[in-house]
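Colleague: Mind looking at a prediction? Sequence and model below.
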Amino acid sequence: MRLRLALLAVICCLVSTLLFALPLAAYARQAYQQQDDRLAAIRAHVLASLVAGSSSSEDADLLQYLKQENAQGASAAVFFATGERVGAPLPRSRAVEDILDAHPKATAAPPHTGDTYYFPAVTAHRVRAAVAVTVDTHRQEEQMRRTWAAIGAAVMILPACAGLLADRLGRRQVTAVDRLLRAASRMAKGDLSARIDPAGPPELRRLGVALNALAGRIEARVETEREAAADLSHRLRTPVTALMLQAEALRHPEESRRLLASTERLQREVSHIIERARQGACERQVVADLAAVTRERVAFWLPLAEDQGRACTLTVTGRGHRVYAAQEDVAAAIDALLGNVFTHTPEGTAMAVEVTGHRYGAATLVVRDDGPGFASPRAIERGRSTSGSSGLGLDIVRRLACSTGGGMVIGAGPGGGGSVTVTLGGPPPVAHTVPPRAAAR
């Protein structure tokens, strides 16, 4: 951006300077030429008046003036019809002959040293004469070259100065924009405490103030929601504790153990919700082993599957099942998928769970069943359900997969039932840093 601003300023200033400098240089040349012509005409008229007052070519005033003119660099001479010539040794040109032959028109003929101006004159004794004045233009040409050099220097210096000023101004603007960009990037990554010190032009300062206000409102809103979720989860602890006491009071040991295990898991989930609500997004980024979590959750649901006469198989293949998600979130997603199978398929329906690790860090979880399958491809949408449930389970799984850089696909299994394929992204690579001493070696 700075380079573009500076380049634009240089081009605009250069074009403007050239549009002014070129006519100025042409005018200077014409002005110097007209000045030379006026000087030659004035001297020719003065010399003609002296010739008119003289009686012969030996007039003292005439000779003195010619001597002074030649000494100042202007060659002047007077040609008489008698054939005499006084003054500078100028050639007797055709213009002189025309004047002496009674053709009273002054003409100009350019010799090697400059322009010559001719003028007719008559002496006191009625002798026809021709006045020739040649002005040496070297001095005027030198002044004209200096004028053109000054104009050329201005053409080069002014755009350079404009570029430097534009770069200086652009650096202030770019610095302010970079600050806004860094603050916005931090907010996009979940750091809602990011703020910016408004600086730069008035427009960018107002934008910085608005961005700080927006970040403050978002942070306050998120903090309020976190605290509300934590308070709500804390309220659930009391009924969960009462449920645990009732489970311990059951007379049947096996039923008591199973109900107590479920209640303890519910209590852990409530505690996890409280901790998660009070943490930022960056603090929750952890790594989980998809295969290990899947084994644990399948083992949890296996007794219920046996009670309902369901065949449940688990297959783990590949290497590297680490995914970029919290272990509790992965467990909740697996529970949502297995819970859907138990809820939306009749008892006795078989199901299969497959975990596949990929070479480049991602892992895939597939849950299939032999039930009726999905009634509509839109079952993945949040809140949509055809069986009276909340319709949030598949959306929870989908959002988890998308947060890791993966995705979720629903379809039909080999036996015609439902199939859900979830791809979870692996953890980002860790940059290996070289210790200072090793780097020095």
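Modeller: That came through fine. Numbers count the residues shown, from 1 in each chain.

Colleague: For R146, see how far away V155 is.
Modeller: 15 Å (C-beta to C-beta, to the nearest Å). Any C-beta I mention is one placed from the backbone N, CA and C, and that applies to glycine too.

Colleague: Disregarding residues adjacent in the polypeptide, which is nearest to G418?
Modeller: Residue nearest to G418 in three dimensions, not counting chain neighbours: G373, with 4.5 Å by C-beta to C-beta, 6 or more residues apart in numbering.

Colleague: Who has more neighbours out of V155 and R146?
Modeller: The residue with more neighbours, out of V155 and R146, is V155; 17 against 11, by other C-beta atoms under 10 Å.

Colleague: Which elements pack onto the host helix or strand of the more buried one?
Modeller: Assigned by DSSP states H and E, V155 belongs to helix 138-188. Counting contacts by 3 or more C-beta pairs under 8 Å, 6 or more residues apart in numbering; DSSP states H and E, helix 138-188 packs against helix 2-53, helix 202-248.

Colleague: repeat that for 6 Å
Modeller: Other elements packing on helix 138-188 under the criterion 3 or more C-beta pairs under 6 Å, 6 or more residues apart in numbering; DSSP states H and E are helix 2-53.

Colleague: per-residue confidence averaged over the helix it packs on?
Modeller: Per-residue pLDDT over helix 2-53 has a mean of 79.

Colleague: Against which helices or strands is the helix or strand just after it packed?
Modeller: Downstream of helix 2-53, the next assigned helix or strand under DSSP H and E is helix 60-71. Secondary-structure packing of helix 60-71 (3+ C-beta pairs under 6 Å, 6+ apart): helix 2-53.

Colleague: Specify the angle between the helix it packs on and helix 60-71 in degrees.
Modeller: Calculated by axes from the mean of the first three to the mean of the last three C-alpha atoms, to 10 degrees, helix 2-53 forms an angle of 160 degrees with helix 60-71.

Colleague: Settle this for me: A311 is touching G348, isn't it.
Modeller: No: assessed by C-beta atoms under 6 Å, A311 is found out of contact with G348, at 8.7 Å.

Colleague: Correct me if wrong, but the residue nearest to G418 is in a strand.
Modeller: No: under DSSP: H, G, I helix; E, B strand; the rest coil, G373 sits outside any strand and is assigned coil.

Colleague: How about the contacts made by it?
Modeller: Counting by C-beta atoms under 6 Å, 6 or more residues apart in numbering, G373 makes contact with 412, 417-418.

Colleague: can we see that at 8 Å?
Modeller: Contacts for G373 (C-beta atoms under 8 Å, 6 or more residues apart in numbering) come out as 412-413, 416-418.

Colleague: now swap in A81 and tell me
Modeller: Going by C-beta under 8 Å, 6+ apart, A81 touches 100, 127-129.

Colleague: May I see these organised as TSV, with pLDDT and secondary structure added?
Modeller: Putting the contacts of A81 into TSV (pLDDT from 0 to 100; DSSP: H, G, I helix; E, B strand; the rest coil) gives the following:
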residue	pLDDT	secondary structure
L100	79	helix
V127	82	coil
R128	85	strand
A129	86	strand
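
Colleague: coming back round to it: only the buried subset of the contacts of G373, as a ChimeraX command please.
Modeller: Restricted to buried positions by 16 or more other C-beta atoms under 10 Å, the ChimeraX selection for those reads:
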select :413,417,418
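
Colleague: Format the contacts of G373 as a markdown table; extra columns: secondary structure, distance to D59 and pLDDT.
Modeller: Supplementary listing: the contacts of G373 in a markdown table, determined by DSSP: H, G, I helix; E, B strand; the rest coil; distance: C-beta to C-beta, whole Å; pLDDT from 0 to 100:
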| residue | secondary structure | distance to D59 | pLDDT |
| --- | --- | --- | --- |
| A412 | strand | 129 | 83 |
| G413 | coil | 132 | 77 |
| G416 | coil | 135 | 78 |
| G417 | coil | 135 | 84 |
| G418 | strand | 131 | 86 |
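
Colleague: Name the nearest of the contacts of G373 relative to H321.
Modeller: Checking these against H321 by C-beta to C-beta gives G413 as the nearest, at 22.0 Å.

Colleague: you'd agree the closest one is up against R368?
Modeller: Yes: the pair G413 / R368 is scored as a contact, 4.0 Å apart, by C-beta atoms under 8 Å.

Colleague: Which neighbours do these two have in common?
Modeller: What both G413 and R368 touch, as defined by C-beta under 8 Å, 6+ apart, is the set S419.

Colleague: Let me see the mean pLDDT of the helix holding V155.
Modeller: Mean predicted confidence for helix 138-188 is 80.

Colleague: And that helix, how far out from the chain middle?
Modeller: In terms of C-alpha atoms, centre = their mean, to the nearest Å, the centre of helix 138-188 is found 20 Å from the chain centre.

Colleague: can you start the count at 106 instead of 1 from here on
Modeller: Sure thing, new numbering starts at 106, so read that last one as helix 243-293.

Colleague: quick one: that helix to helix 107-158, angle?
Modeller: Using the same axes, to 10 degrees: helix 243-293 against helix 107-158 is 170 degrees.

Colleague: residue ranges for the strands of the stretch 406-546 of the chain, please.
Modeller: 417-422, 427-428, 456-462, 468-474, 512-517, 523-529 (DSSP state E, counting those that start in this stretch).
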